[in-house]
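[1] Based on what follows, work out the 3D shape:
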Amino acid sequence: MLEKKKYANGQEVYTYDENKLTYYYKNGKIKSEGPFENNQMEGKWIFYRESAQLWQIGNFKNGKKHGTWIRLNKDNQQEYNEEFMAGKLIKAKYE
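    Numbers count the residues shown, from 1 in each chain. I've put the predicted structure just below:
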């Protein structure tokens, strides 16, 4: 997951500091960020579009989707709200 360190243009692919992992787009804007423990995503993660607009908020447990996941469309309206348990979709509500 953390093999590639830099894009061809020199931009860092990610930074890791005190259990927080942040991924970047080639343009330097944040792609996603959240806790990273035991070599896996853990807890609340936030994902952004390349324009820096908020895209998704979700939770991981033991590296798998767990809990609520919300996705926003480009008009900042909720597109869907899903519930996961140990990586499996258990409930979905689409707008």
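[2] Just grab the bridge partners of the nearest residue in space to residue 62 that is not next to it in sequence for me.
    In this structure, residue 62 finds its nearest non-sequential neighbour in residue 40, 6.7 Å apart by C-beta to C-beta, 6 or more residues apart in numbering. Placement of C-beta: from N, CA and C, glycine included. Beta-bridge pairing for residue 40 (DSSP bridges): residue 37.
[3] Quick check: residue 40 touching residue 63?
    Yes. Using C-beta atoms under 8 Å, residue 40 is in contact with residue 63, at 3.2 Å.
[4] Dihedrals phi and psi, residue 67?
    Main-chain torsions, residue 67, degrees, to the nearest 10: phi 100, psi -160.
[5] check contacts around it.
    58-59, 61, 83-84 (C-beta atoms under 8 Å, 6 or more residues apart in numbering).
[6] Quickly list what it is bridged to.
    Beta-bridge pairing of residue 67 under DSSP bridges involves residue 84.
[7] And it, how close does it get to residue 89?
    Per C-beta to C-beta, to the nearest Å, residue 67 is found 12 Å from residue 89.
[8] Now do the shared contacts for these two.
    Residues touching both residue 67 and residue 89 (C-beta under 8 Å, 6+ apart): residue 83.
[9] OK, contacts around residue 82?
    If a contact means C-beta under 8 Å, 6+ apart, then residue 82 has 68-70, 89, 91-93 as its contacts.
[10] can I get those residues in CSV with neighbour count?
    Converted to CSV, the contacts of residue 82 look like this (neighbours: other C-beta atoms under 10 Å):
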residue, neighbour count
68, 14
69, 20
70, 15
89, 11
91, 10
92, 11
93, 10
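[11] Just flag the most distant two among those.
    Longest distance between any two of these is 13.7 Å, between 70 and 89; criterion C-beta to C-beta.
[12] Having no further points to raise, I will conclude here.
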